[in-house]
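1. quick one: sequence and predicted model below, then my questions.
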Amino acid sequence: MNTKNPILVGAIAFVIGWAIGLFVFGWGIWPVQYQGATPLDLAPEAQQQAVKTSAELYSLNRDAAMAQQALGSWNGSAVACQMATQTADPAEAQKLTDVATAVNGTGCNPADVAPVESPAGSSFSKVLLLALLLLFIVGIIMFLRSRRNDMLDSDGDGLPDTVFGTKPNEGPESGDDVAFNAVPIAKFQTTYNHGHESFDDSFSIEKSDGTFLGECGVSIAESIGSDSPKNVAAIEVWLFDKNDIRTITRVAMSEHAFYDEAMKAKLAPKGEPALARENEIVVLETAALIINVELKGLEYGDSESMPPESYFERVTFELSAWAKEDDDSDNASVSDGADGALEFDA
C-alpha cells in the first residue's frame, strides 16, 4: 500500500469503488430494468431499424393506421425521410417515402428530413462526461493536498513542520538570550553509502585550546526489507553536551519510511522523526552547544523489490557546531579557534 499519499490512495479507492458499483453491480449483477420506453428513447440505430421494419410492413399491408401508430408518436416520418435520402436502393427509398407519407400525409419534403444522430456523437458525449468527472476528482485531490500542506505548515515557511530542515543555514538559532560566534568552532562531514552496514561516525567537539565540550554523530537507525546488504531507510543524528544530561537526537527518514506510521512509531523512542530533504538544515540544541545538520547530498536507491524512495543509496551530512558563550571574553576565544574548524569526510 502507498502510505505516504493517503489522499491519493483514497481517491483511487473511490474511483475503483465507483467503477465496480456502476459496471459490475449496476450493469452486471443488478442491472437497471427499463419499462415504458418509447422509440424516441432508442439509440439512433434502433430507431432506424424500427422505421425500416415499419416501412417493410406497410409495403405489404398498406395499413396507414398501423404505420401511424408505430411512427406517429415520435419523429419516425422524419427519420424515414432521412433514411430515404441516404439509401442507394431505389426500392427501399420508395418504401421509406411511402411510410412517411402514410404518417405525415405530405411525404418527404426537405423540411421533414431530420439528421440522424451518429453513434460517434453519443460516444463523444460519454467521453466528455467521463473527462469532466475525472477533472472533478483531480480538483478535489489537489484541494485536499493543499489543505493538508497548509495544516502541516504552521510556521508559514512553505515546508511541513516535520520536514528535515526547517531552520535557515545562516547560523544557529537559539531560544535563549546567549551569544555565539558567526563562525562555527568545528565542522564535520560524513557520507553514508549503500552497503556500509556498520556506518556509525562520531566526532568530538572541542575549543581551540582543546577544551572538550561534547560529541555529535550520525548512525544507522533503521532498515527495511530483508535484502543484503541492508536497505537503510532512517539515519539518526545526535548531539551530546557534557554540560547537559540529555542527548538530543533527530531521525532523518526516507520519503516512504516517513509516511509509514508503523515505522514512525517504531523509531519514535530514538528521536523526533524528520523527512530527509537535500540542502536543508535542522538544528540540535543543548545547554551549551548548537549543531546545524545539513543534508549536502541525497540519493535514493532504485530496486524493483522495494517501494520508490524507500531507502538511501547515498546521503551526506555536514554538522556545524557552535558553543554558547556567556561573555565577550569567551567569544573572543571561540573566534580565535574558528580558523581551526575540523572537517572530516567519511
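-> Received the coordinates, thanks.
2. quick one: low-confidence parts of the stretch 201-346 of the chain?
-> Applying pLDDT under 70 to the stretch 201-346 of the chain flags residues 326-346.
3. helices of that one, start to end?
-> Taking DSSP state H, counting those that start in this stretch as the criterion, the stretch 201-346 of the chain carries its helices at 255-258, 261-267, 328-336.
4. ok, now the stretch 1-150 of the chain?
-> 6-19, 44-61, 64-71, 76-86, 90-104, 119-152.
5. got a list of what the residue nearest to Ala93 when sequence neighbours are not counted touches?
-> Among residues not flanking Ala93 along the chain, Ala84 sits closest, at 4.5 Å (CB to CB, 6 or more residues apart in numbering). (Each C-beta comes from the backbone N, C-alpha and C, glycine too.) Each residue near Ala84 by CB atoms under 8 Å, 6 or more residues apart in numbering is listed here: 92-93, 96-97, 100, 108.
6. next, format those residues as TSV and append neighbour count and pLDDT.
-> Output for these, formatted as TSV (neighbours: other CB atoms under 10 Å; pLDDT from 0 to 100):
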residue	neighbour count	pLDDT
Glu92	16	88
Ala93	19	86
Leu96	30	86
Thr97	19	87
Ala100	31	85
Cys108	22	85
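7. what would those look like in JSON lines with distance to Asn193?
-> Shown next, in JSON lines, are the contacts of Ala84 (distance: CB to CB, whole Å):
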{"residue": "Glu92", "distance to Asn193": "80"}
{"residue": "Ala93", "distance to Asn193": "82"}
{"residue": "Leu96", "distance to Asn193": "81"}
{"residue": "Thr97", "distance to Asn193": "85"}
{"residue": "Ala100", "distance to Asn193": "84"}
{"residue": "Cys108", "distance to Asn193": "84"}
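8. may I have stretch 256-266 as CSV, with CA atoms only?
-> In CSV, the C-alpha atoms belonging to stretch 256-266 read as follows (Å, rounded to 0.1, in the frame of the first residue of the first chain):
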residue,chain,number,x,y,z
HIS,A,256,8.5,6.1,2.1
ALA,A,257,9.5,5.5,5.7
PHE,A,258,8.4,8.9,6.9
TYR,A,259,4.8,8.3,5.8
ASP,A,260,4.7,4.8,7.2
GLU,A,261,3.0,5.3,10.5
ALA,A,262,4.2,1.9,11.9
MET,A,263,7.8,2.7,11.2
LYS,A,264,7.5,6.2,12.5
ALA,A,265,6.0,4.8,15.8
LYS,A,266,8.9,2.2,16.0
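9. buried by neighbour count: which residues of it qualify?
-> By neighbour count on 16 or more other CB atoms under 10 Å, the buried set for stretch 256-266 is 256-260, 263-264.
10. mind giving me the domain split of the protein?
-> Per automatic domain parsing, the structural domains of the chain span 6-33+119-152, 39-112, 163-340.
11. quick check: Glu236 touching Thr247?
-> No: counting by CB atoms under 8 Å, Glu236 does not reach Thr247; the two are 10.5 Å apart.
12. and the two? Which one has more around it.
-> Glu236 (20 against 16; other CB atoms under 10 Å).
13. how about the nearest residue to that one, chain neighbours excluded?
-> Using CB to CB, 6+ apart, the nearest residue to Glu236 is Ala221, at 4.1 Å.
14. the one you found contacts Val251, correct?
-> Yes: assessed by CB under 8 Å, Ala221 is found in contact with Val251 at 5.2 Å.
15. now the common contact residues for the two.
-> Residues touching both Ala221 and Val251 (CB under 8 Å, 6+ apart): 234-236, 267, 270-271.
16. generate a markdown table for those, with distance to Ser202 as supplementary columns.
-> Formatted as a markdown table, the shared contacts of Ala221 and Val251 follow (distance: CB to CB, whole Å):
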| residue | distance to Ser202 |
| --- | --- |
| Ala234 | 18 |
| Ile235 | 13 |
| Glu236 | 12 |
| Leu267 | 20 |
| Lys270 | 16 |
| Gly271 | 15 |
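17. perfect, I'm done here.
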